[in-house]
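*Asks:* sequence unknown, structure follows:
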DNA sequence: TCTATATATTTGCGGACTCAACTACTTCAC
DNA sequence: GTGAAGTAGTTGAGTCCGCAAATATATAGA
């Protein structure tokens, strides 16, 4: 069917992804979380010992180091995460997932997954597999 | 192959699209254009008589009306677009593509298309068709 | 050891965008 | 007509984020 040119395809992709982000951000807002904040918790959850350097967080989220600083500051104040020093290297400050952060993450993940499912609901099983293959080969 | 859960799929999708936007924004910056500014020119180019209401522009770009105001103000100052009143309805102010706006758009479109092609280069013909079908059914 | 370079983080400044409130105009019900 | 409600657009305040510069620490080379 529709064969779009590369530029049209990418514009359509950004449009549709933007829509997804807005839906998901709205779902997360019920838990008092922003989209990036959720991704931080998600990264920490997956990380060994739920602990990460700020710079690695920045890379995984494709953000600048300063963006991470400003994102994490309020999260530390509300107790979602905690700061921890690295005895081997005084430059780095590790970020850890707090117990309440883990709880909020678990709760918000339900909303997030529901939002993701509703966003993808127009897609059949094969289309989802295709999309998964496409995004991994674009990464 | 890889079958991701809905939430993982959407996270991967936003990550990859974010990467695309950054590449394209960088390509457009050589023409002095931001990503949203390029999309404005693109909309106006496609519009009948290269003319649109600000509110319709906002909807097509999934932006707020105030975002459009702030986006268009500098574009008008640099002469990419022009303001025009609507004789039938004094509330609306039409936005038109200027000659220089059309020229800049044509030039930047080359860079944009090249960026889009380079972003999609890991994808075969079938994958592009699949992706096109997927984004249209998600719209 | 001392200096140069590299790395991790924070801060000042600014851009892009949103929400809510406001102005200005139009339309509809009566 | 006149008032109420709706629509188009702008403005003020605030959020999120990036870039460049500054700070602090680490590492490598003479």
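*Replies:* Yes, it's here. From a predicted model like this one, the values you see are computed outputs, not experimental measurements. Numbering: from 1, shown residues only, chains lettered A, B, ... in the order given.
*Asks:* what about the closest residue to residue A:35 other than its chain neighbours, distance to residue A:39?
*Replies:* Spatial nearest neighbour of residue A:35, chain neighbours left out: residue A:25 (4.6 Å); criterion: C-beta to C-beta, 6 or more residues apart in numbering or on different chains. The C-beta positions use only the backbone N, C-alpha and C, and glycine is treated the same way. Residue A:25 sits at a distance of 11 Å from residue A:39 (criterion: C-beta to C-beta, to the nearest Å).
*Asks:* which one of the two has more residues nearby?
*Replies:* Using other C-beta atoms under 10 Å in any protein chain shown as the criterion, residue A:25 and residue A:39 rank with residue A:39 on top: 22 against 15.
*Asks:* need the contact list for the residue lying closest to residue A:119 once chain neighbours are set aside.
*Replies:* Nearest residue to residue A:119, sequence neighbours excluded (C-beta to C-beta, 6+ apart): residue A:20, at 4.9 Å. Under the criterion of C-beta atoms under 8 Å, 6 or more residues apart in numbering or on different chains, the contact list for residue A:20 reads A:116, A:119, B:10, B:13, B:14, B:138.
*Asks:* switch the cut-off to 10 Å
*Replies:* By C-beta atoms under 10 Å, 6 or more residues apart in numbering or on different chains, the residues touching residue A:20 are A:115, A:116, A:118, A:119, A:120, B:10, B:11, B:13, B:14, B:17, B:138.
*Asks:* out of these, which are inside strands?
*Replies:* Using DSSP state E, no member of the contacts of residue A:20 sits in strands.
*Asks:* Report the buried members of the residues you listed.
*Replies:* Taking 16 or more other C-beta atoms under 10 Å in any protein chain shown as the criterion, what is buried in the contacts of residue A:20 is A:115, A:116, A:119, A:120, B:10, B:11, B:13, B:14, B:17, B:138.
*Asks:* before we move on, the earlier item: between the contacts of residue A:20, which is nearest DNA strand D?
*Replies:* Ranked by distance to DNA strand D (C-beta to the nearest atom of the strand), the contacts of residue A:20 are led by residue B:14 at 11.2 Å.
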